[in-house]
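*Asks:* just to be clear, the model below is a prediction. Sequence and coordinates:
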Amino acid sequence: MENSAISKLADLPPSEWTDWWDWASCEHGDGESADAMRPWLSVLLYYDQCRSLDKSIGRERCGFERIPASLRSLVEDASRLAVPRERGRTIFPPDEDAHRSSLNQAQQETGDAVASLGDTLASPGMSPKKAHEVVQMCSLIETMLKQNPSLSNVKHVVDVGAGQAYLSRMLRDRCGLHVLALDFSDVQTQGAAKRDAASRSNRSSQTSGPISTTTPSGHHTETRQATYNNQVAEPPRGSLTYVTAKIDAESLCQATCAWIESELPMIVNGPFDTCPEQNPTPVLFVALHACGSLTPDILRAFTAQRTMDLSAASWIPQAAVVVGCCYNMMRPEGQEDFPLSRALRSSSSVTLNPSHLQLAAQVPSQWTRSEKSLRNARLALRKIVWRALIQDVISPLRKPTYGDRAATSASREEGLCGGCDSPEKGRSRRLGRLNNSAYADWETFSRHVQRKLGMPERTLSRADRASESRIEVFHVLRCIVGPVVETLILLDRAVWMEENLRASRAFSPAI
């Protein structure tokens, strides 16, 4: 939904919104106070309570009974329909008994792995956020390989969209896996290889015995363990191959096949010689931040290889661990990426527009996890609301052919676009991104906007607080619905994979 559309809601709310619309306008507090229990925060905290595994806290004791019943019902439904976020939870096929028996074990084993992995992070250039994600992903994979008998023979991993290959290197060094780090950007691939070489050089200068070597080979670099001075090598610690290639379902299969066929002689006859690998070789696909259409393409490659004649195949995908993101970047043409399953395609009522896809990445359950995250949520909400409130003033300055982008992310500003009111210039102007300090208070915000767009002073006046509070609640509700949209996308993919694998008799409950 555009900022201009959001700003008009105060005049034309749907009739079914009347009760909570009035509530949002009458219970507003001081908008500048971080301690004020604004209506939007009450809704968010109620959502947290609905999502919480601990139901012992009475909702009435928290004051949630003042939230209109229709609004509570909507929040409860959104909480119930959204995919659970606990580690080890199975969402499809549904099996509560299996979930209850495995959840605690998965959490315990992965927690132990995370604790031990924390000490291994010494990679320069990795942000705390990236380090957290890499450790969590690696520990999950390590737990899966140990816990699931059908994955015990997996030694080869394809890291799809590897970027700087932080995850690839940890899977090699920590889990002893042979990894193909595949990325479409040669800049990323070369940067990852240089970072790896520098890291290994530092380690080798501090220790003796087995070290790693890096050998250029075409457009990629192969990294393998080796032994020197006739010393016996340590237990296998894996290998890492960097490859740059366009990534889609077909090219992913081709790159994996080429890698496996070139890898096997080295694995069997080289310094890792233990026992001949089985044929076809089981492969694990992993992807951390598989943006847009990359996740569906990984699943297409998985099903295509699983359903082919494996009598002459050199490899077979055994499992996939994929963290998707950026749903708004999925291919829109012909609904190629959604819906995938026949079950949803047969229902003409199931459609997702760009605003739905933008919302699918929202995780409002994380906004209150700490004081810092709540401050960030307050600031992000203020940005969206205040920029929506000035649309009626900005819009007359715009060229009619230039539309605003949907303001749907609670963590990212969207541009407000204004056409210049000077006819001799005749080109669009953007408000664009403002520094956080510009949102200190309304007067500061209005000065920045007026100065940046060349508007006269005192052009922007603050709307009444009731309208501001209503838009805050409205946007929080939109974000609360986001995980439900994501759940629909995920279930569609799971059902689609089962449909394809069952049709070819390649389905296994272990997949």
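*Replies:* Everything's here; your move.

*Asks:* apart from its neighbours in sequence, what residue is nearest residue 475?
*Replies:* residue 384 (5.8 Å; CB to CB, 6 or more residues apart in numbering). C-betas here are computed from N, CA, C, even on glycine.

*Asks:* show the pLDDT at that neighbour.
*Replies:* pLDDT recorded at residue 384 is 94.

*Asks:* cool, and the one 10 residues further on?
*Replies:* Per-residue confidence at residue 394 stands at 72 (pLDDT).

*Asks:* buried stuff in the helix or strand hosting it?
*Replies:* Assessed by DSSP states H and E, residue 394 sits inside helix 391-394. Buried residues in helix 391-394, counted by 16 or more other CB atoms under 10 Å: 391, 393, 394.

*Asks:* what is it packed up against?
*Replies:* Judged by 3 or more CB pairs under 8 Å, 6 or more residues apart in numbering; DSSP states H and E, helix 391-394 is in contact with helix 3-7.

*Asks:* still on that earlier bit, got a markdown table for the buried residues of helix 391-394, with distance to residue 128 too?
*Replies:* Output for the buried residues of helix 391-394, formatted as a markdown table (distance: CB to CB, whole Å):
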| residue | distance to residue 128 |
| --- | --- |
| 391 | 36 |
| 393 | 40 |
| 394 | 37 |
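
*Asks:* what about the strands in this protein?
*Replies:* Assigned by DSSP state E, the chain shows strands spanning 156-160, 178-183, 211-217, 220-226, 239-244, 281-291, 315-325, 417-419, 428-430.

*Asks:* hey, least reliable of those by pLDDT?
*Replies:* strand 417-419 - the lowest mean pLDDT of the strands of the chain, at a mean of 33.

*Asks:* where does the stretch 251-400 of the chain dip in pLDDT?
*Replies:* Within the stretch 251-400 of the chain, the stretches with pLDDT under 70 are 264-278, 332-335, 348, 395-400.

*Asks:* same thing but at 80, please
*Replies:* Residues of the stretch 251-400 of the chain meeting the criterion pLDDT under 80: 263-279, 310-312, 332-335, 347-349, 392-400.

*Asks:* just the stretch 1-150 of the chain next, same as before
*Replies:* For the stretch 1-150 of the chain (pLDDT under 80), the answer is 1-13, 26-37, 53-63, 85-126.

*Asks:* and residue 134, what is it in contact with?
*Replies:* Residue 134 makes contact with 121, 126, 166, 167, 170, 288 under the criterion CB atoms under 8 Å, 6 or more residues apart in numbering.

*Asks:* and these as a markdown table, adding neighbour count and distance to residue 145?
*Replies:* Shown next, in a markdown table, are the contacts of residue 134 (neighbours: other CB atoms under 10 Å; distance: CB to CB, whole Å):
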| residue | neighbour count | distance to residue 145 |
| --- | --- | --- |
| 121 | 16 | 20 |
| 126 | 16 | 23 |
| 166 | 26 | 19 |
| 167 | 25 | 14 |
| 170 | 24 | 14 |
| 288 | 23 | 17 |
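
*Asks:* with those in mind, which one is nearest to residue 356?
*Replies:* residue 288 (24.0 Å; CB to CB).

*Asks:* could you check how far that closest one is from residue 127?
*Replies:* Relative to residue 127, residue 288 is positioned 13 Å away (CB to CB, to the nearest Å).

*Asks:* not counting sequence-adjacent ones, nearest residue to residue 436?
*Replies:* Nearest non-adjacent residue to residue 436, counting by CB to CB, 6+ apart: residue 379, 6.4 Å away.

*Asks:* and that neighbour, how many neighbours does it have?
*Replies:* For residue 379, the neighbour count with other CB atoms under 10 Å is 13.

*Asks:* my guess is it contacts residue 434, does it?
*Replies:* No: under the criterion of CB atoms under 8 Å, residue 379 makes no contact with residue 434, lying 11.5 Å away.

*Asks:* neighbours around residue 247, how many?
*Replies:* When neighbours are counted by other CB under 10 Å, residue 247 registers 21.

*Asks:* surely it meets residue 181?
*Replies:* No: judged on CB under 8 Å, residue 247 makes no contact with residue 181 at a distance of 11.9 Å.

*Asks:* about what we covered before: ok, the residue nearest to residue 475 to residue 472 distance?
*Replies:* Applying CB to CB, the value for residue 384 to residue 472 is 9 Å.

*Asks:* one more: residue 183?
*Replies:* Noted for residue 183: a distance of 40 Å to residue 472, by CB to CB.

*Asks:* same thing with residue 21?
*Replies:* For residue 21, the distance to residue 472 - CB to CB - is 12 Å.

*Asks:* the more surrounded of those two?
*Replies:* Using other CB under 10 Å, the more surrounded residue of residue 21 and residue 472 is residue 472, with 23 against 20.

*Asks:* my read: that one touches residue 38, true?
*Replies:* Yes: taking contacts as CB under 8 Å, residue 472 lies within contact range of residue 38: 6.5 Å.

*Asks:* quick one: residues contacting the closest residue to residue 16 other than its chain neighbours.
*Replies:* The shortest distance from residue 16 to any non-neighbouring residue, by CB to CB, 6+ apart, is to residue 70 (7.5 Å). Contact analysis of residue 70 by CB under 8 Å, 6+ apart lists 16, 19, 20.

*Asks:* need the buried ones from those selected in PyMOL.
*Replies:* Here is the PyMOL command that selects the buried residues among the contacts of residue 70 (16+ other CB under 10 Å):
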select buried, resi 20
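
*Asks:* possible to save the contacts of residue 70 as CSV with distance to residue 296?
*Replies:* Formatted as CSV, the contacts of residue 70 follow (distance: CB to CB, whole Å):
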residue, distance to residue 296
16, 35
19, 41
20, 37
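
*Asks:* list just the nearest of the contacts of residue 70 to residue 143.
*Replies:* Set against residue 143, the nearest of the contacts of residue 70 by CB to CB is residue 20 (43.1 Å).

*Asks:* distance check, the closest one against residue 63.
*Replies:* Taken as CB to CB, the span from residue 20 to residue 63 is 16 Å.
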